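Visitor: Kindly return the folded structure for what I paste below:
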Amino acid sequence: MKTLAIRLEDDLHAQLTMVAQLGELTITDAIRQAIDQWIETKRSQPELAARAQSVLDEIENDAAQRRSAIATLFGGSSDGSPVTENQPEGETPQRRSRGKGGESATS
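Guide: Just a heads-up that it's a prediction; the model follows:
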């Protein structure tokens, strides 16, 4: 759960306090109800769904560019797996465990 602090003008705070009291709610519960209702209203708006899809597309494009940059930086394939000199692209290299001192345990 997160804590949120907001600043309200005195008049707005007085009105909120009165509405909460009349509804037999705490100010916190009144604010939570208002936020829930606002989110539900926004959810039904097609503009918000379109914007959300646009943001998701941007995230995917950014992730693809980062994957490509890392693959290029480390000589990997387009799927992000490293490519060694004797390994055809697309094949995943086998991991070898290292013994004490860094030498290969399979040597």
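Visitor: Could you use CA atoms for every contact and neighbour count after this?
Guide: Will do.
Visitor: now the lengthiest helix in the chain: how far from the chain's centre is it?
Guide: In the chain, taking DSSP state H as the definition, the longest helix is helix 46-73. Distance of helix 46-73 from its chain centroid, counting by Cα atoms, centre = their mean, to the nearest Å, is 11 Å.
Visitor: tell me which residues of the helix or strand where residue 21 lies are tucked away?
Guide: Element membership of residue 21 [criterion: DSSP states H and E] is helix 10-22. Neighbour-count burial for helix 10-22, counted by 16 or more other Cα atoms under 10 Å, picks out 16-17, 20.
Visitor: got it, and stretch 25-42?
Guide: Buried residues in stretch 25-42, counting neighbours by 16+ other Cα under 10 Å, are found at 27, 30.
Visitor: Give me the distance between residue 76 and residue 65.
Guide: Note on residue 76: its distance to residue 65, by Cα to Cα, to the nearest Å, is 14 Å.
Visitor: wait, residue 50
Guide: Between residue 50 and residue 65 the computed distance is 23 Å (Cα to Cα).
Visitor: where in this structure is pLDDT low?
Guide: Scanning the chain for pLDDT under 70 picks out the ranges 77-107.
Visitor: What's the end-to-end length of stretch 2-20?
Guide: The first residue of stretch 2-20 is 21 Å away from its last residue (Cα to Cα).
Visitor: Tell me how far it lies from the chain's centre.
Guide: Relative to its chain's centre, stretch 2-20 lies at 30 Å (Cα atoms, centre = their mean).
Visitor: Stretch 29-48 too?
Guide: Distance of stretch 29-48 from the chain centroid (Cα atoms, centre = their mean) equals 21 Å.
Visitor: contacts for the one helix or strand residue 35 maps to?
Guide: Per DSSP H and E, residue 35 falls inside helix 27-43. Helix 27-43 is contacted by residues 16-17, 20, 48-49 when judged by Cα atoms under 8 Å, 6 or more residues apart in numbering.
Visitor: pull the CA atoms of it into PDB?
Guide: Extracted in PDB, the C-alpha atoms of helix 27-43 (Å, rounded to 0.1, in the frame of the first residue of the first chain):
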ATOM      1  CA  ILE A  27     -12.000  11.500   4.500                       C
ATOM      2  CA  THR A  28      -9.700   8.700   3.400                       C
ATOM      3  CA  ASP A  29     -12.600   6.400   2.400                       C
ATOM      4  CA  ALA A  30     -14.300   9.300   0.600                       C
ATOM      5  CA  ILE A  31     -11.100  10.000  -1.400                       C
ATOM      6  CA  ARG A  32     -10.700   6.300  -2.200                       C
ATOM      7  CA  GLN A  33     -14.300   6.100  -3.500                       C
ATOM      8  CA  ALA A  34     -13.800   9.200  -5.600                       C
ATOM      9  CA  ILE A  35     -10.600   7.800  -7.100                       C
ATOM     10  CA  ASP A  36     -12.200   4.400  -7.800                       C
ATOM     11  CA  GLN A  37     -15.100   6.100  -9.600                       C
ATOM     12  CA  TRP A  38     -12.700   8.300 -11.600                       C
ATOM     13  CA  ILE A  39     -10.600   5.300 -12.700                       C
ATOM     14  CA  GLU A  40     -13.700   3.400 -13.800                       C
ATOM     15  CA  THR A  41     -14.900   6.400 -15.800                       C
ATOM     16  CA  LYS A  42     -11.500   6.700 -17.500                       C
ATOM     17  CA  ARG A  43     -11.400   3.000 -18.200                       C
END
